[in-house]
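**Student:** one predicted model, sequence on top.
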Amino acid sequence: MGLTALIITTSIVDAFSQGYDGSLMGSLNAMTPYQNYFVMSNAMTSFRTAATYIGGITALFLMPWYANKRGRLECMFIAFCLIIIGGGVQGGAHNTGMFIAGRIIIGLGTGVAAVSAIPYIAETSTDKWRPFAQGMYYTCWYVGTLVAAGVCYGTEDMNTNWSWRIPSLLQCAPAVMAIFMLLFLPGSPRWLLYKGRHRDAYEVFTILYGNGDPLHEDVKSHYFQALETIEYERSDGKQLDLRGLFSTWGNFRRTGLAMSTSVITMLSGSNIVTYYFSTMLDQAGITSSHTQLEINVILSAFCLVIAVIGSQCACYMGRRTLVLWSLGVCTIFLYMFGGLTAKYGNSTNKSGIYGTIACMFLFNGAYSFGLTPITSLYPAEVLTYSMRSVGMGVTMFIAKGCGLLVTFAFPYAMDKLGWKIYMINSSFNVLCCIFVYFTWVETHNKTLEQIDAMFDGKTHFELAELEMEHQRVVYESKE
């Protein structure tokens with residue numbers, strides 16, 4: 001339990017950095033000193049906001065291979081170092097080019113983390129706590145958004161360049177903390193098995209499932225499930241590269257479902273609120289930057305509470321059910337938000353304006369409940385070990401691409417279409433609900449190795465045939 005708690009805490013710190021960055025740009029775009037320091041055209045605002053996606057996409061081409069070769073922990077260390085460097089460059093920026101360079105470096109760090117931290121949590125957490133641990137990864141994104149919103153709100157009254165530099169520099173703090181925590185984490189047991197370090201892997205399984213007892217039945221069961229499945233993948237010529245993602249029909253389905261998670265979570269409307277909430281509030285009739293920052297702080301706190309509840313519910317609810325409920329309710333409130341914006345956006349009707357803001361809160365609450373936890377949970381579950389790091393790289397590549405689309409296209413779309421863009425987005429969400437209902441498989445209450453049967457028609461381990469091997473490992477561990 002202690003190791004699982006440390007794994008969850010590490011995921012909190014990692015996701016904190018990403019959430020902090022997301023909320024930071026939404027808050028900075030609403031701050032007067034920041035607006036006065038930089039050019040605030042649609043093109044430049046979009047480019048500064050999207051720079052982290054450019055860095056993230058670059059990292060996703062290189063780091064999946066490195067994560068498989070050198071391990072998840074070493075990859076995570078590199079990620080946190082990049083975030084520290086990028087935060088320093090961004091906070092000390094003297095011009096737009098330097099600011100963008102810092103954000104690209106931060107994006108490199110978050111991209112590296114995506115192909116290492118998420119697989120690590122999935123491969124190291126116990127079955128009981130895996131849904132919660134994976135769900136908390138992006139749930140704690142809201143911890144970062146809350147802190148960033150609070151810091152920006154607190155520094156806004158300084159009315160100097162330090163009001164936006166201080167929040168930028170503080171982005172380094174969680175990465176420093178995460179590097180310290182890495183010293184106490186073991187390697188992924190499944191990565192250790194793939195590297196032939198069976199004894200080390202067995203020790204990790206003993207800590208996770210046997211509370212230190214190497215003879216515990218759960219230790220034997222999970223060790224041999226992982227061992228036989230990984231040996232099968234190795235002997236069957238499974239590739240740790242892009243070819244392996246599409247080598248069989250089962251792998252093609254796995255990859256498709258993992259990629260669909262990125263499309264659904266990134267294009268359901270949440271990124272509009274994250275990066276352009278000030279524009280949305282302007283359209284809703286709330287133009288005071290001070291009031292907008294207050295709303296952002298409250299919204300972040302609300303989303304955090306709901307996402308924690310959703311992560312806990314992920315331990316008991318089916319993944320498919322969780323997404324359908326969350327996405328369905330999101331769609332309803334986004335339709336309502338668009339309709340109220342159309343009617344009251346240019347009015348002084350306080351009831352209408354408050355109703356519009358309420359719909360924004362309820363939309364984000366519905367998103368936080370189901371779609372936030374599933375972002376890192378479902379892809380890591382449906383992908384096999386040999387696919388996981390590269391598959392998460394492809395999945396996050398799709399996510400970053402969707403993020404680029406939102407950050408570049410939506411400012412123009414919101415400027416030209418206004419409230420109609422919310423109606424278009426809501427209709428897209430309806431199509432996503434239909435897709436999830438007919439194509440997603442349910443992975444609830446299954447080990448990572450048992451999920452194989454849902455795609456391949458069978459599992460790749462036989463515990464009865466491995467009892468003698470278990471006795472040999474236990475005997476050697478006593479020597």
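**Tutor:** Received the coordinates, thanks.

**Student:** for the rest of this, base every contact and every neighbour count on C-alpha atoms.
**Tutor:** OK.

**Student:** just say helix, strand or coil for the residue positioned nearest the centre of the chain.
**Tutor:** Nearest to the geometric centre of the chain sits Y138, at 4.4 Å (Cα atoms, centre = their mean). Classification of Y138 using DSSP: H, G, I helix; E, B strand; the rest coil returns helix.

**Student:** okay, it: pLDDT?
**Tutor:** At Y138, the model reports a pLDDT of 77.

**Student:** against Q18, how distant is it?
**Tutor:** Taking Cα to Cα, to the nearest Å as the measure, Y138 falls 9 Å from Q18.

**Student:** which parts of the stretch 351-479 of the chain are helices?
**Tutor:** 385-417, 420-439, 452-456, 467-478 (DSSP state H, counting those that start in this stretch).

**Student:** which strands and helices sit next to the helix or strand hosting E123?
**Tutor:** Per DSSP states H and E: E123 is located in helix 117-124. When contacts are defined as 3 or more Cα pairs under 8 Å, 6 or more residues apart in numbering; DSSP states H and E, helix 117-124 packs onto helix 2-28, helix 72-91, helix 130-139, helix 189-194, helix 350-382, helix 385-417.

**Student:** any chance of those in TSV, plus distance to M158?
**Tutor:** Listed next are these as TSV, based on distance: least, Cα to Cα, whole Å:
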stretch	distance to M158
helix 2-28	14
helix 72-91	16
helix 130-139	31
helix 189-194	49
helix 350-382	27
helix 385-417	28
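
**Student:** what lies in contact with the helix holding E123?
**Tutor:** Residues outside helix 117-124 that contact it (Cα atoms under 8 Å, 6 or more residues apart in numbering): 4, 7-8, 11, 14, 72-73, 76, 130, 133-134, 137, 188-190, 376-377, 380-381, 388-389, 392.

**Student:** report the angle between that helix and helix 72-91.
**Tutor:** 150 degrees (axes from the mean of the first three to the mean of the last three Cα atoms, to 10 degrees).

**Student:** show the average pLDDT along helix 117-124.
**Tutor:** On average, helix 117-124 scores 86.

**Student:** what about it, distance to the chain center?
**Tutor:** Chain-centre distance of helix 117-124: 12 Å, with Cα atoms, centre = their mean, to the nearest Å.

**Student:** same question, stretch 330-338
**Tutor:** Relative to the centre of its chain, stretch 330-338 is centred 23 Å away, using Cα atoms, centre = their mean.

**Student:** got it, and stretch 242-259?
**Tutor:** Here the centre of stretch 242-259 is set off from its chain's centre by 20 Å, with Cα atoms, centre = their mean.

**Student:** identify all contacting residues around that stretch.
**Tutor:** Contacts for stretch 242-259 (Cα under 8 Å, 6+ apart): 238, 378-380, 382-383, 386-387, 390-392, 394-395, 398, 439-440, 455-456.

**Student:** listing request: residues of the stretch 151-300 of the chain with sub-threshold pLDDT.
**Tutor:** Low-confidence segments of the stretch 151-300 of the chain, defined by pLDDT under 70: 235-241, 271-281, 283-285, 289.

**Student:** quick one, helices of it?
**Tutor:** In the stretch 151-300 of the chain, the helices defined using DSSP H, counting those that start in this stretch lie at 162-169, 172-182, 189-194, 198-209, 217-235, 249-266, 270-284, 289-313.

**Student:** nearest to T52, of those helices?
**Tutor:** Closest approach to T52 among these (Cα to Cα): helix 270-284, 12.5 Å.

**Student:** if we can go back for a sec, ok, which of the helices and strands packed on helix 117-124 comes nearest D200?
**Tutor:** Taking the helices and strands packed on helix 117-124 one by one with Cα to Cα, helix 189-194 is closest: 6.8 Å.

**Student:** contacts for the closest one next, please.
**Tutor:** 68, 71, 123-124, 198, 200-202, 204-205, 226-227, 230-231, 385.

**Student:** hang on, W419 packs against M336?
**Tutor:** No: W419 is not in contact with M336 according to Cα atoms under 8 Å; the separation is 10.4 Å.

**Student:** if we can go back for a sec, run the angle between the helix holding E123 and helix 350-382 for me.
**Tutor:** Using the same axes, to 10 degrees, helix 117-124 lies at 60 degrees relative to helix 350-382.

**Student:** circling back: now the buried members of the contacts of stretch 242-259.
**Tutor:** Among the contacts of stretch 242-259, those buried by neighbour count (16 or more other Cα atoms under 10 Å) are 238, 378-380, 382-383, 386-387, 390-392, 394-395, 398, 440, 455.

**Student:** lowest pLDDT pick from the residues you listed?
**Tutor:** K238 (56).

**Student:** if I look at the residue nearest to I286 when sequence neighbours are not counted, how far off is M181?
**Tutor:** Closest residue to I286 apart from its sequence neighbours, by Cα to Cα, 6 or more residues apart in numbering: Q292 at 7.2 Å. Separation of Q292 from M181 (Cα to Cα) stands at 35 Å.

**Student:** of the two, who's got more company?
**Tutor:** When Q292 and M181 are compared on other Cα atoms under 10 Å, the one with more neighbours turns out to be Q292, at 21 against 15.

**Student:** ok, now how distant is that one from G26?
**Tutor:** For Q292, the distance to G26 equals 10 Å [Cα to Cα].

**Student:** ok, now I309?
**Tutor:** Where G26 is concerned, I309 sits at a distance of 25 Å (Cα to Cα).

**Student:** those two - which one has more neighbours?
**Tutor:** Between I309 and G26, counted using other Cα under 10 Å, G26 has the larger neighbour count: 25 against 19.

**Student:** residues contacting the closest residue to P214 other than its chain neighbours?
**Tutor:** If the residues on either side of it in the chain are set aside, P214 comes closest to T206, at 5.3 Å by Cα to Cα, 6+ apart. Contact analysis of T206 by Cα under 8 Å, 6+ apart lists 212-214, 216, 219.

**Student:** of those - the most surrounded one?
**Tutor:** Of all the contacts of T206, the most densely surrounded is V219 (23 neighbours; neighbours counted as other Cα under 10 Å).

**Student:** quick check: phi and psi at L170.
**Tutor:** Here is the backbone geometry of L170 (degrees, to the nearest 10): phi -70, psi -10.

**Student:** identify the residues contacting it.
**Tutor:** L170 neighbours (Cα under 8 Å, 6+ apart): G87.

**Student:** how far away is it from E123?
**Tutor:** Applying Cα to Cα to L170 and E123 gives a distance of 31 Å.

**Student:** ditto for N211
**Tutor:** On the measure of Cα to Cα, N211 and E123 end up 18 Å apart.

**Student:** quick one: which of those two has more around it?
**Tutor:** E123 (22 against 13).

**Student:** and that one, how close does it get to E381?
**Tutor:** Applying Cα to Cα to E123 and E381 gives a distance of 9 Å.

**Student:** can you check N251 too?
**Tutor:** Distance from N251 to E381, by Cα to Cα: 13 Å.

**Student:** which one's more surrounded, the two?
**Tutor:** Counted by other Cα under 10 Å, N251 and E381 do not tie: E381 has more neighbours, with 26 against 22.

**Student:** which residues touch the spatially closest residue to the more buried one that is not a sequence neighbour?
**Tutor:** In space, and not counting its chain neighbours, E381 is closest to L448: 6.0 Å by Cα to Cα, 6+ apart. Counting by Cα under 8 Å, 6+ apart, L448 touches 381-382, 384.

**Student:** include distance to A409 when you put the residues you listed into CSV, please.
**Tutor:** What follows is the contacts of L448, written out as CSV (distance: Cα to Cα, whole Å):
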residue, distance to A409
E381, 32
V382, 31
T384, 35
